[in-house]
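>>> okay, sequence plus prediction incoming.
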Amino acid sequence: NPVFPAVSTTWHSNDDDVYRAPPIDRSILPTAPRAAREPNIDRSRLPKSPPYTAFLGNLPYDVTEESIKDFFRGLNISAVRLPREPTNPERLKGFGYAEFEDIDSLFQALSLNEESLGNRRIRVDVADQAQDKDRDDRCFG
C-alpha cells in the first residue's frame, strides 16, 4: 500500500523539524525554565577563590536586600551590598553586589542576567575583583 511510505516520510520530516526548533525557542523565550538556559559565561572569568561576588546593575531604586535575596532564592547567598548616594542615603545608586558562598551559586546567579526584578531587567555579571579590593582597602585603611 503506497500510502504508508508517504505518511511515514512526512511524519519523519515533521518530527525532525519539531526536534530542531525547541533549542532555539528555549533560549529566546523569557518563560523558559531557568535551568534550560545555561548561562553564556566563560567559567574562566569566575573568581578562583572567595569572595564569589556578582555585580548587579540596572536595579530598581526601591530594591531591598530582601528582594535581592528573594531574586536569588535557592542559591547560597551570603551577603548583599547596595551602595547608597552619599548625599541622599535613602536613594540607592542603582547597582549593588551579591556575594555567594560557592562558585556554583555565583555561576547560577549569572544565568539570571536580564531577568526582571521589579520592573527592570537587571544585569548580573562577575564583579570586578579590583573594585572589591578597592572597597576593602577603604574600609580597613
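All right, it came through fine. Numbers count the residues shown, from 1 in each chain.

>>> tally of neighbours for Q108?
18 (other CB atoms under 10 Å). Every residue, glycine included, has its C-beta placed from N, CA and C.

>>> quick one: contacts of the helix or strand harbouring it?
Q108 belongs to helix 103-110 when assigned by DSSP states H and E. If you take CB atoms under 8 Å, 6 or more residues apart in numbering as the criterion, helix 103-110 is touched by 39, 41, 43, 46-47, 52-54, 72, 75-77, 98, 100, 124-126.

>>> out of these, which are buried?
Buried members of those, counted by 16 or more other CB atoms under 10 Å: 41, 52-54, 72, 75, 77, 98, 100, 124, 126.

>>> remind me which residues of this structure are low pLDDT?
In the predicted model of the chain, residues 1-40, 129-141 satisfy pLDDT under 70.

>>> quick one: contacts for the closest residue to L56 other than its chain neighbours?
Among residues not flanking L56 along the chain, G96 sits closest, at 4.7 Å (CB to CB, 6 or more residues apart in numbering). Neighbouring residues of G96 by CB under 8 Å, 6+ apart: 56, 59, 63, 68, 80-83.
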